[in-house]
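# Fold the following.
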Amino acid sequence: MLEMRRSYPSSGYTILFLILLIIAIFITIYDIKFSKIISKFQKTVINTKDQINISSNNYIHVKLSLKSNKAICQFNDNLIIYILSTVTNFKRRKIIRSTWATPLTGTCFVFIVGQTKNSNEIQLILNNEQRQYNDIVQIDHIESYPNVIYKELAALKWSFHFYPFIPYLFKTDDDLILDSILISSIAKILVTNLVNDTSYISKYHPKLTQNLLLSDRSTFFRGGWSMDNQPTVREGKFHISEYIWPYSVLPLYCSGFGWFMSKQIRNKLLDASFKYPVNKTVWVGDVFLSGFLAQLAHVKCTHISLDYEQTLSGNCSCLMIQQPMLTVCSSSFHGGGLHDEKEKYQEYEKAWKVIQQRHNLINRTITDITDC
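Residues are numbered from 1 along each chain as shown. Take a look at the predicted model:
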């Protein structure tokens with residue numbers, strides 16, 4: 001009968017076992033410490049005044065289908081002018097297309113709209129509009145004032161996905177009247193570095209051309225009204241709670257009447273949006289995007305020397321005659337003034353006529369001046 005010999009681990013195996021045990025203990029301790037570090041980091045703040053809490057993974061997220069592109073730009077465009085619009089503003093988009101958003105070489109016009117509750121009829125009309133004009137981006141959020149920030153983010157996300165190479169964007173709203181020819185010429189200067197001495201800008205604002213030529217294109221983020229030291233509102237439509245922002249003064253931001261941004265700024269803002277927590281979101285479109293989100297992205301919206309006018313007169317055409325560099329003017333849809341809807345649409349037509357006259361596309365008549 002064979003004797004069974006009992007085997008014992010050699011000294012080499014013993015040492016290996018001890019090493020593995022030490023490694024296991026080290027990993028366990030390190031994992032606990034690492035978890036504490038991550039937890040501590042998630043409870044820290046990440047904007048310049050330590051007020052954006054990222055303890056939640058519930059970040060702000062725009063619902064936008066990117067399966068197909070229903071707003072078509074050209075590959076050689078210099079500029080995308082995106083216009084925030086309410087989905088039911090069919091007539092307003094129509095008058096804008098026939099006035100300041102008529103086709104311009106090098107410029108693409110896009111309307112950003114939301115959804116309505118339980119209205120198949122409105123959606124069918126919008127679908128027809130999309131097919132006809134190829135200039136509408138629709139988000140999957142219900143139309144409301146707070147949800148304007150989703151439209152702002154949608155413009156960034158859509159343009160990055162389909163047209164990341166178009167160098168500049170300009171934001172505005174459908175209740176404003178825009179000298180799009182002037183805006184387009186600014187983008188052309190930024191792209192080409194060429195200035196025509198007989199151009200409209202050279203004639204009325206030569207310092208602006210020099211400023212554009214000297215500007216850093218990668219950080220170009222400019223608005224007509226750069227708002228600094230603005231008080232924080234605690235009540236009403238524009239309220240911001242103390243939980244979100246306890247300070248009495250808002251961070252620097254640009255008025256939503258209109259701002260330029262380079263594609264590089266667009267990219268930084270979009271990246272920042274992916275880590276911006278919903279529980280710290282400011283639901284005021286221009287304040288959020290060009291202020292709070294810009295802080296997180298470490299970019300700043302500064303002043304561009306163009307004239308902007310927030311008026312209740314309902315007479316942007318006359319103001320544009322009187323102020324050669326008036327670039328964005330509020331229509332009666334924005335601030336009231338005119339009560340007759342037909343007159344409100346005519347205001348767009350009259351202002352567009354003045355804009356065309358500015359740039360020598362049509363001749364000015366004595367009637368234009370006497371009307372003012």
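# what kind of secondary structure is the most centrally placed residue in the chain in?
The chain has Glu152 as the residue nearest its centroid, 4.2 Å off, counting by CA atoms, centre = their mean. Assigned with DSSP: H, G, I helix; E, B strand; the rest coil, Glu152 falls in the helix class.
# just the one 3 residues further on next, same as before
For Ala155, the reduced secondary structure class is helix; criterion used: three-state DSSP.
# mind checking how far Thr232 is from Phe111?
31 Å (CB to CB, to the nearest Å). Heads up, the C-betas are built off the backbone N, CA and C, glycines and all.
# what's the answer for Arg266, then?
18 Å.
# Strands of the stretch 251-372 of the chain, start to end?
Under the criterion DSSP state E, counting those that start in this stretch, the stretch 251-372 of the chain contains strands at 253-254, 259-262, 302-303, 307-309, 326-330.
# Nearest to Gln132 among those strands would be which one?
In terms of CB to CB, the element of the strands of the stretch 251-372 of the chain nearest to Gln132 is strand 326-330, at 26.9 Å.
# Just give the strands next to that closest one in its sheet, each with its orientation.
strand 176-178 (antiparallel), strand 307-309 (parallel) (DSSP bridges).
# Low-confidence regions, the protein specifically.
Filtered on pLDDT under 70, the chain yields the residue ranges 1-57, 338, 366-369.
# one step back: tell me which of the strands paired with strand 326-330 sits most buried.
Of all these, strand 176-178 has the most neighbours on average by mean count of other CB atoms under 10 Å, namely a mean of 26.
# who has more neighbours, Thr232 and Phe111?
Phe111 (27 against 19; other CB atoms under 10 Å).
# host element of the more buried one?
Phe111 belongs to strand 107-115 when assigned by DSSP states H and E.
# Remind me what that strand packs against, helices and strands.
strand 79-84, strand 136-142, helix 148-162, helix 180-192 (3 or more CB pairs under 8 Å, 6 or more residues apart in numbering; DSSP states H and E).
# List the buried residues for the last one?
Put plainly, it is helix 180-192. 180-191 (16 or more other CB atoms under 10 Å).
# wait, which of the residues you listed is closest to Met325?
Leu182 (7.9 Å).
# How far away from the center of its chain is stretch 80-95?
16 Å (CA atoms, centre = their mean, to the nearest Å).
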